[in-house]
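1. got a sequence here, can you model it:
(one chain, ligands or ions: 1)
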Amino acid sequence: MDLWLWIVIAVVLVAVVAGLVGNRVGASRRRRAGGAPAAPPVAEAPPSPESPSPTATAPQAPAVEPEVAEAEVAPELERPEPVAGRLVRLRGRLARSGSPLGARLLAVLSRDHLTEDDWDELEETLLLADVGAGPTGEIVEALRTRVRVEGVKDAAAVRELLRSELLAIVDPTLDRSLATERHPGPDGSEVPAVVLVVGVNGTGKTTTIGKLSRVLVAEGRSVVLGAADTFRAAAADQLETWGSRVGVPTVRSDRDGADPAAVAFDAVRRGRTEGVDVVVVDTAGRLQNKAGLMDELGKITRVITKEAPLTEVLLVLDATTGQNGLTQARVFGEVAGVTGIVLTKLDGTARGGIVVAVQRELGVPVKLVGLGEGPDDLAPFDPEAFVDGLLGD
Ligand SMILES: Nc1nc2c(ncn2[C@@H]2O[C@H](COP(=O)(O)OP(=O)(O)OP(=O)(O)O)[C@@H](O)[C@H]2O)c(=O)[nH]1
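-> Next up, the predicted model:
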């Protein structure tokens with residue numbers, strides 16, 4: 001019995017081994033002949049773009065090739081919205097923030113007989129909207145005189161009166177254009193316009209530069225961005241993403257904490273050699289202390305101007321920060337030679353009066369305003385559309 005049992009086991013073993021060997025030989029023959037293996041081993045999975053497989057000619061490959069080719073196609077560039085009339089389009093956002101400057105001023109001025117209390121209320125409303133003490137006094141004085149002399153009564157006339165006084169204080173005569181055209185440099189050769197953007201982190205600086213590059217692209221300008229905020233690595237990534245959406249390249253360092261002036265210089269040099277219209281340079285602008293800020297911005301400016309002079313220094317301020325924003329504005333104004341202000345987040349505040357206060361504080365115009373988080377929610381500042389927005393027009 002025992003012997004028979006051993007014979008059966010031996011026969012079964014021989015059959016199993018023979019079967020296994022036969023399968024392997026068959027599989028390798030089929031592979032050499034270009035046939036598909038019945039059950040491919042894991043190592044023969046279809047090739048991926050990251051790890052090209054040595055079996056790229058295996059029959060699975062053609063099935064995935066079109067997908068790989070599609071992934072390599074550059075994403076379509078976005079087309080930014082036209083710039084003209086942007087503030088008119090966005091002015092509803094000013095009124096939506098419940099601006100006391102509009103509704104409340106009109107409510108007080110429309111009363112039948114204006115008492116001293118009414119004038120006090122008007123003054124308080126302007127102060128609460130961050131117009132600032134000086135300009136508030138001027139507006140109240142002008143309104144008092146005109147109400148007394150002209151004796152305006154009907155709602156439309158009161159509205160027109162208020163509109164004209166607010167417009168006067170916002171000052172439509174200021175030059176709010178951005179210097180973003182190529183021009184002859186000191187040696188007579190054409191150089192790009194260079195816009196240096198300064199401001200405290202958190203004010204919306206990187207977002208604003210992204211939106212600004214879209215404004216410039218919409219106006220037909222060629223642009224290079226310089227990521228000289230080397231303090232925060234994510235800032236360069238953010239900037240690059242914004243730029244790539246509209247085909248604008250970003251010059252940056254591979255290294256965290258690299259010299260911001262070196263990055264700024266490289267960006268302006270690239271703009272110059274490639275003949276672009278405008279180079280926009282981001283800065284870290286940490287307010288650690290005034291001397292440190294002055295050193296950093298001073299060095300960036302000196303190094304950049306070896307290639308091309310600065311045509312604009314834009315200070316980005318968050319409109320919701322009120323008096324804090326004004327303190328920042330003062331420091332940057334002293335150290336950076338600011339030529340224009342960008343007020344962000346005006347959609348989220350009832351303090352539109354900050355436009356007046358900051359212009360008075362720095363003696364430079366608000367040139368752009370941010371009215372939302374959308375990519376095209378940055379508008380050239382237009383005094384009339386702004387005042388109409390405050391009045392809820
Ligand atoms: N509602 C509103 N949000 C804004 C506006 N501008 C910027 N923001 C938002 O503010 C936040 C901060 O923006 P960032 O650009 O990252 O600000 P930042 O910190 O100054 O950038 P860094 O200086 O690089 O640190 C983001 O969520 C923006 O979407 C605006 O005009 N309106």
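
2. which strand residues bridge the residue of the chain at minimum distance from the ligand?
-> The minimum distance from the chain to the ligand, using Cβ to the nearest ligand atom, falls at G370 (2.5 Å). All C-beta spots, glycine's among them, are computed from the backbone N, C-alpha and C. Beta-bridge partners for G370, by DSSP bridges, are L378.

3. just checking, it touches I341?
-> No: counting by Cβ atoms under 8 Å, G370 does not reach I341; the two are 11.3 Å apart.

4. got the domain ranges for the chain?
-> For the chain, automatic domain parsing gives the domain ranges 86-170, 183-388.

5. so which of these is the most surrounded?
-> Greatest average neighbour count among the domains of the chain goes to domain 183-388 (a mean of 20), per mean count of other Cβ atoms under 10 Å.

6. can you give me the end-to-end distance of that domain?
-> 36 Å (Cα to Cα, to the nearest Å).

7. spit out the contact partners of V194.
-> Shown in contact with V194 (Cβ atoms under 8 Å, 6 or more residues apart in numbering): 268, 271, 278-279, 281, 304, 308-312.

8. if you set the cut-off to 6 Å instead, what comes out?
-> In this structure, V194 makes contact with 268, 279, 304, 308, 310-311, judged by Cβ atoms under 6 Å, 6 or more residues apart in numbering.

9. three-state assignment of it?
-> Look at V194: counting by DSSP: H, G, I helix; E, B strand; the rest coil, its state is strand.

10. give me the residues contacting the host helix or strand of Q328.
-> Q328 is located in helix 322-336, with elements delineated by DSSP states H and E. Contacting residues not belonging to helix 322-336 are listed as 130, 198, 200, 290, 293-294, 297, 313, 315, 317-318, 338, 358, 361-362 [Cβ under 6 Å, 6+ apart].

11. select, from those, the two members most distant in space.
-> Spanning the widest gap among these are D130 and M294, at 27.2 Å by Cβ to Cβ.

12. for the domains of the chain, give me JSON lines that also has distance to E78 and mean pLDDT.
-> Below are the domains of the chain laid out as JSON lines (distance: least, Cβ to Cβ, whole Å; pLDDT from 0 to 100):
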{"stretch": "domain 86-170", "distance to E78": "16", "mean pLDDT": "87"}
{"stretch": "domain 183-388", "distance to E78": "5", "mean pLDDT": "92"}
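
13. off-centre distance for stretch 131-144?
-> Relative to the chain's own centre, stretch 131-144 is displaced by 34 Å; criterion: Cα atoms, centre = their mean, to the nearest Å.

14. ok now do A142, which residues does it touch?
-> Neighbour list for A142: E165 [criterion: Cβ under 6 Å, 6+ apart].

15. make it 8 Å
-> Each residue near A142 by Cβ under 8 Å, 6+ apart is listed here: 165, 168.

16. against G132, how distant is it?
-> 15 Å (Cβ to Cβ, to the nearest Å).

17. ditto for T301
-> Per Cβ to Cβ, T301 is found 29 Å from G132.

18. now E181
-> For E181 relative to G132 (Cβ to Cβ), the value is 34 Å.

19. where along the protein do the strands fall?
-> Assigned strands in the chain, in chain order: 183-184, 190-191, 193-198, 223-228, 250-251, 278-283, 312-318, 340-344, 366-370, 378-380 (criterion: DSSP state E).

20. just checking, what packs against the longest one?
-> This points to strand 312-318. Under the contact criterion of 3 or more Cβ pairs under 8 Å, 6 or more residues apart in numbering; DSSP states H and E, strand 312-318 touches strand 193-198, helix 205-218, helix 322-336, strand 340-344, helix 354-362.
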